[in-house]
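> model this:
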Amino acid sequence: MAFDLTTLADDLKNRFTPDFIESMVYPRKPLFAALKKMKEMTGDKWLQPVVFDDLQATSADFTTAQTQSAAAGPGLDRFEITRIKKYSFARVDNETILATKGDQGAFFQALTKAIDQSMSAQGRRLNWEMYKEGWGDIGRVSNTSFATTTLTLTNPNDVVRFSKGQILVISDTQNASVLRAGTLTVAGVNRSAGTVTTTANLSTGVAAIAANDWIFLQGDREDAASPTRRCLAGLEAYVPATAPSSTAFFSVDRTQDSRLGGLRYDGTGQPIEEALIDAAALAGREGAQLDFGVLNPITYGQLIKSLGSKVQYVRMDQGSNEAKVGFEGIRLYTPAGQVDFFQDQDCPSNRAWMLQLNTWMFGSMGDVPRVINTDGLEVLRGSNYDGVELRVGYYGNVIGKAPGWNINVQI
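Presented below is the predicted three-dimensional model:
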């Protein structure tokens, strides 16, 4: 039998099962692993009803209550949630195929490595976006001098989002101005120092770059003064650190009731355990039944030290039997319930999240990520190069059903 794209496609279908994809995406990603998955997010958008209050037509007086009922609203709205798109590609050239012809399985190992990295990159991107607002920012500029190839980050812990070869674009705002002209290419990453090296001086790559500018990966931030979200509407989008304005969020004006924009607590300067308990007390006042928390590894370590001999470890297992992934966590008893905290390197180091997990879903069309094979082909012959190409991506978004029962803690 000839070795061609058809026979290769059959083997790839057997290799990349949903269980394999689960095992690629879940490790060290407890939030995404824990969320309920809804894989039928079809149609133009997902309409998610949200109840933020009861019908206010009550009174000790019959006539007054009857009169109020004519004008009273039901305390009901709906998020009109749209999908975002993400893509990555894996290529293997034909010379590599021929060069490994005599080594049984070598071609599949080479292609598998490329696909593994493509899947892993998608998983990494998805994971950090789960905590963000959806504008695509991955850090901010801290430099005061720009005649240098060293990009210093305002928060050194944001370095986990940078990798060699990335192309960066810059804006002076997160989502209220066009991009600055030019790009920067990452040449190296110093993960201990929290700095990034670029192939050209910062001022050469982006002429007007300035301190406190926002950093994005090319293609993730629309070049517009009023951009649309191209990345996931994550926790910070549904429950921002600052109370949201009347600007519509998925077609909802969240100023009509703060429950639509979630809860927030400023625990800056407090011991971590104290801040979390005080924040949970606020959530408990609002009726939340918290059960899931996420911390950056640095803050997670602080919580362990704070609890001392009181620390109680728990375990969460997620995934199918074939792709079971386990996460170790810490249980904290709070006024709003027992909250199991897990560490995630992509959780911002100045945030702690306490969630009521059943108020969240991840909606998509099919698996996330997935091999894009709607035409039935796992791989494609390169149209303008000597090789084959595989495309990986997903179409989906985070769905929040009750933001008011979740809290964003600044630490």
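> And the strands in the stretch 201-350 of the chain?
Secondary structure of the stretch 201-350 of the chain (DSSP state E, counting those that start in this stretch): strands at 214-217, 263-266, 292-295, 313-318, 325-334, 337-343.
> Scan the protein for its longest helix.
helix 106-129 (DSSP state H).
> Dump the strands of the stretch 201-350 of the chain to CSV, plus mean pLDDT.
Output for those, formatted as CSV (pLDDT from 0 to 100):
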stretch, mean pLDDT
strand 214-217, 98
strand 263-266, 98
strand 292-295, 97
strand 313-318, 84
strand 325-334, 90
strand 337-343, 96
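> Out of the ones you listed, indicate the one that is most buried.
Most buried of the strands of the stretch 201-350 of the chain, by mean neighbour count (mean count of other Cβ atoms under 10 Å): strand 292-295, with a mean of 26. Glycine gets a C-beta too; all of them are placed from N, C-alpha and C.
> in the chain, what spans have low per-residue confidence?
For the chain, the stretches flagged by pLDDT under 70 are 1-27, 97, 100-112, 318-325.
> got the buried residues for stretch 218-229?
By neighbour count on 16 or more other Cβ atoms under 10 Å, the buried set for stretch 218-229 is Asp220, Arg221, Glu222, Pro227, Arg229.
> Out of those, the closest to Asp93 would be?
Nearest to Asp93 among these is Asp220, at 27.8 Å by Cβ to Cβ.
> count of neighbours near the closest residue to that closest one other than its chain neighbours?
Distances taken as Cβ to Cβ, 6 or more residues apart in numbering put Gly136 closest to Asp220, at 3.2 Å, once the chain neighbours are dropped. When counting by other Cβ atoms under 10 Å, one arrives at 26 neighbours for Gly136.
> thought Gly136 was touching Cys231?
Yes. Using Cβ atoms under 8 Å, Gly136 is in contact with Cys231, at 4.6 Å.
> Asp172 contacts Ala210, correct?
Yes. Counting by Cβ under 8 Å, Asp172 touches Ala210, with 6.6 Å between them.
> and Phe79, that's in a strand?
Yes. Counting by DSSP: H, G, I helix; E, B strand; the rest coil, Phe79 is found in a strand.
> gap between it and Thr255?
Phe79 sits 15 Å away from Thr255, going by Cβ to Cβ, to the nearest Å.
> Of these two, give the one with the bigger neighbour count.
For Phe79 versus Thr255, neighbours defined as other Cβ under 10 Å are more numerous around Phe79 (23 against 13).
> Now do the same contact list for Arg161.
Trp128, Ile138, Gly139, Asp346 (Cβ atoms under 8 Å, 6 or more residues apart in numbering).
> which residues of the stretch 1-150 of the chain fall in helices?
Remark: helices assigned in the stretch 1-150 of the chain by DSSP state H, counting those that start in this stretch are 5-15, 18-25, 30-34, 62-71, 94-99, 106-129.
> hang on, the earlier thing: so what does the residue nearest to Asp220 have for phi and psi?
Backbone torsions of Gly136, given as degrees, to the nearest 10, read phi 100, psi 0.
> same check, this time on Gly43
Backbone torsions for Gly43, taken as degrees, to the nearest 10, come to phi 80, psi -170.
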